[in-house]
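Colleague: Kindly generate the corresponding structure for this input.
(chains A, B, C and D)
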Protein chains: 2
Amino acid sequence: MVQKTSAVRGRPRSFDTDEVLDRVRDTFWRYGYAGTSMDQLSAATGLHKPSLYGAFGDKKKLYLAALDNYLADVRAEFAEAFAVPDLFESLAAMTEWSIDKFMGKDEAGTGCFMMHTAMPEASEDPEISRVIRESMDSLDRALVRRFEKAIEIGQISAAADPHALAMVMVANHYEISGRARAGYSRAELRALADRSIALIRIMAGAAA
Amino acid sequence: MVQKTSAVRGRPRSFDTDEVLDRVRDTFWRYGYAGTSMDQLSAATGLHKPSLYGAFGDKKKLYLAALDNYLADVRAEFAEAFAVPDLFESLAAMTEWSIDKFMGKDEAGTGCFMMHTAMPEASEDPEISRVIRESMDSLDRALVRRFEKAIEIGQISAAADPHALAMVMVANHYEISGRARAGYSRAELRALADRSIALIRIMAGAAA
DNA sequence: CTATTTATGTACCTTACGGTATAGTACAGA
DNA sequence: TCTGTACTATACCGTAAGGTACATAAATAG
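Modeller: Numbering: from 1, shown residues only, chains lettered A, B, ... in the order given. The predicted structure is shown next:
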């Protein structure tokens, strides 16, 4: 009766879900949610539409799956960056990764996937706006924790305000995203990030 | 031969262009550029499609006209805020106006019109990305000038860096826009803005 | 009053959209 | 080998998209 985690029963999928979601994400990334058609996604993934619908449901579910993948990726990368012992090396790793991700491979920057594809939908779609809010809250908390840790180990002044420091990093992060998509150069983004980190250095009153 | 600024020749328009553009802007604002149809715009303005096409060209030109109107409005409001003699009153006026505009009349925030409707198109449309870049540069310059003025009249320390101060204000501005559209409350936006202004107060080392 | 010009209103065109019916195919289990 | 199951491929459906032809209406110029 009870079958033990039975292997799949029918014909196996001919594709890797994560690879497909990466292609899906890249397509939405360029053209936006409403600006991307299922035919484009079909062409970008090499899958026929019924396969996409069979595996993911509909356009919005497919988008949300790609967004979840992206956000999990970001969280993992930032967790890794924040695990670096030195605070300022952590922050540099974070901005470095962001700039790389936001500029992409070619010369044309695309910014943050969430900011520029989910945002337009957010005002009419509570489900999407909830995902955005959770993601923003999550980054806020992670940064506050990172600064608290730096205070605990005495790397920065105990008088420093972790929330104020986190606010500067976060605001800079979203600004870099916007400027990347507007066509600013890597050097300009780098300069903005460096300026923020320099400000944090002053605010933090580096101890010792 | 030469006719003196002759009055219009044919049947006069039955609508006011700026009023129509306001309705157009509000519709794009909610649904995004790609997410808004000409039929929606026709319904929102009360004009039939041929009138919209006759007056503005096509969907993109109509959008760009609404965007230009919006940006001119923002520039005018900020110029007024920056004309206030006291620096911190200026900054408070700027954030107050932004929060009002980004939250709209109803409870659902919509953020900055440019950030959330032009951005998604920017990666594939150089014309739109150029408009965004010019608008960002313009705000940067206006803020730098505002801080320079405060230094000149001795309101803040001559050692303060106008570019660093402008960066904090600008980043905060764009962040507030994103949070508004993601569903954060007026109070949360207000808190973010206040925190930025408090930081600027410290960075500026208010003189005297 | 007539001709010219420009806007309006209806109805429509072509294309592309999101999504699906259906027939065939590759696997697991019995 | 047969059967049930899940995936693939082609072809298609109904609708909504951006945009326009055309007849009519309201103004100016002569």
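
Colleague: Per-residue pLDDT of the residue sitting nearest the centre point of chain A, please?
Modeller: With distances taken as C-alpha atoms, centre = their mean, residue A:74 lies nearest the centre of chain A, 4.2 Å away. Per-residue pLDDT puts residue A:74 at 98.

Colleague: What helix or strand is it located in?
Modeller: Residue A:74 belongs to helix A:59-82 when assigned by DSSP states H and E.

Colleague: And for residue A:151?
Modeller: Per DSSP H and E: residue A:151 is located in helix A:126-152.

Colleague: What is the subsequent helix or strand relative to that helix?
Modeller: Per DSSP H and E, the first helix or strand lying C-terminal to helix A:126-152 is helix A:162-182.

Colleague: Which strands and helices lie in contact with that next one?
Modeller: helix A:87-103, helix A:126-152, helix A:186-204, helix B:119-122, helix B:126-152, helix B:162-182, helix B:186-204 (3 or more C-beta pairs under 8 Å, 6 or more residues apart in numbering or on different chains; DSSP states H and E). All C-beta spots, glycine's among them, are computed from the backbone N, C-alpha and C.

Colleague: Can you name the residue of chain A nearest to DNA strand D?
Modeller: Of all residues in chain A, residue A:10 sits closest to DNA strand D, at 2.0 Å by C-beta to the nearest atom of the strand.

Colleague: Give me the three-state assignment for that residue.
Modeller: For residue A:10, the assignment made with DSSP: H, G, I helix; E, B strand; the rest coil gives coil.

Colleague: Can you check the pLDDT for residue A:102?
Modeller: At residue A:102, the model reports a pLDDT of 98.

Colleague: any idea how far residue A:118 is from the nearest residue to it once chain neighbours are set aside?
Modeller: Excluding its sequence neighbours, the residue lying closest to residue A:102 (C-beta to C-beta, 6 or more residues apart in numbering or on different chains) is residue A:180, at 3.8 Å. Separation of residue A:180 from residue A:118 (C-beta to C-beta, to the nearest Å): 16 Å.

Colleague: Check residue A:111 too.
Modeller: Distance, residue A:111 to residue A:118, by C-beta to C-beta: 12 Å.

Colleague: do residue A:72 as well
Modeller: 15 Å.

Colleague: neighbour count winner among these two?
Modeller: More crowded of residue A:72 and residue A:118, by other C-beta atoms under 10 Å in any protein chain shown: residue A:118, with 27 against 10.

Colleague: check contacts around residue A:22.
Modeller: Each residue near residue A:22 by C-beta atoms under 8 Å, 6 or more residues apart in numbering or on different chains is listed here: A:66, A:69.

Colleague: which bits of chain A sit near DNA strand C?
Modeller: Residues of chain A lying near DNA strand C by C-beta under 7 Å from any atom of the strand: A:6-12, A:36-40, A:49-50, A:53, A:58-60.

Colleague: so how many other residues sit close to the closest residue to residue A:178 other than its chain neighbours?
Modeller: Among residues not flanking residue A:178 along the chain, residue B:174 sits closest, at 5.7 Å (C-beta to C-beta, 6+ apart). Using other C-beta under 10 Å, residue B:174 has 24 other residues around it.
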